[in-house]
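Novice: coordinates only, sequence not included:
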């Protein structure tokens, strides 16, 4: 028996899941700080993410709608996170007896 949710569920492409997994592992390896690994990993892991995300880019929206959608998805959470970090850094600085203003320079 197929329910409505099963019928409308999008199908995942395992090739892209594997590619994303490899790219994620490369990011982890790159953050280990081993220069010989970094030389190899940094050559392709970010371009791989860009290629994968470009493959799934939808072109049904106009450019104006695309900008608004991406602003809501990216910039607003970024600004909220920055504000939360700024607000949280003051009590943390006070707790550790540090100058709170040095975090904002």
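Specialist: Received, thanks. Not measured: the values here are computed from a predicted model.

Novice: all helices for this structure, in order.
Specialist: With DSSP state H applied, the chain shows helices at 4-8, 14-30, 35-41, 45-55, 63-70, 76-95, listed in chain order.

Novice: in a markdown table, list those helices along with mean pLDDT and mean neighbour count.
Specialist: C-beta: built from backbone N, CA, C; applies to glycine. As requested, the helices of the chain are exported to a markdown table (pLDDT from 0 to 100; neighbours: other CB atoms under 10 Å):
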| stretch | mean pLDDT | mean neighbour count |
| --- | --- | --- |
| helix 4-8 | 53 | 7 |
| helix 14-30 | 90 | 13 |
| helix 35-41 | 91 | 12 |
| helix 45-55 | 87 | 13 |
| helix 63-70 | 90 | 11 |
| helix 76-95 | 90 | 11 |
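
Novice: contacts for stretch 31-47, please.
Specialist: Contact partners of stretch 31-47, identified using CB atoms under 8 Å, 6 or more residues apart in numbering, comprise 23, 26, 27, 29, 30.

Novice: can you name the residues that contact the spatially most central residue of the chain?
Specialist: Centroid-nearest residue in the chain, with CA atoms, centre = their mean: residue 74, separated by 9.2 Å. With CB under 8 Å, 6+ apart as the criterion, no residue contacts residue 74.

Novice: do the same with residue 55
Specialist: Residue 55 makes contacts with residue 16, as judged by CB under 8 Å, 6+ apart.

Novice: distance-wise, check it relative to residue 11.
Specialist: As defined by CB to CB, to the nearest Å, residue 55 lies at a distance of 14 Å from residue 11.

Novice: next: residue 54.
Specialist: Here the criterion is CB to CB. By it, residue 54 lies 19 Å from residue 11.

Novice: which among the contacts of stretch 31-47 gets closest to residue 70?
Specialist: Top of the list for closeness to residue 70, among those and by CB to CB, is residue 23 at 21.0 Å.

Novice: show me the contacts for the residue nearest to that closest one when sequence neighbours are not counted.
Specialist: Residue nearest to residue 23 in three dimensions, not counting chain neighbours: residue 48, with 4.6 Å by CB to CB, 6 or more residues apart in numbering. The neighbours of residue 48, taking CB under 8 Å, 6+ apart as the test, are 19, 22, 23, 26.
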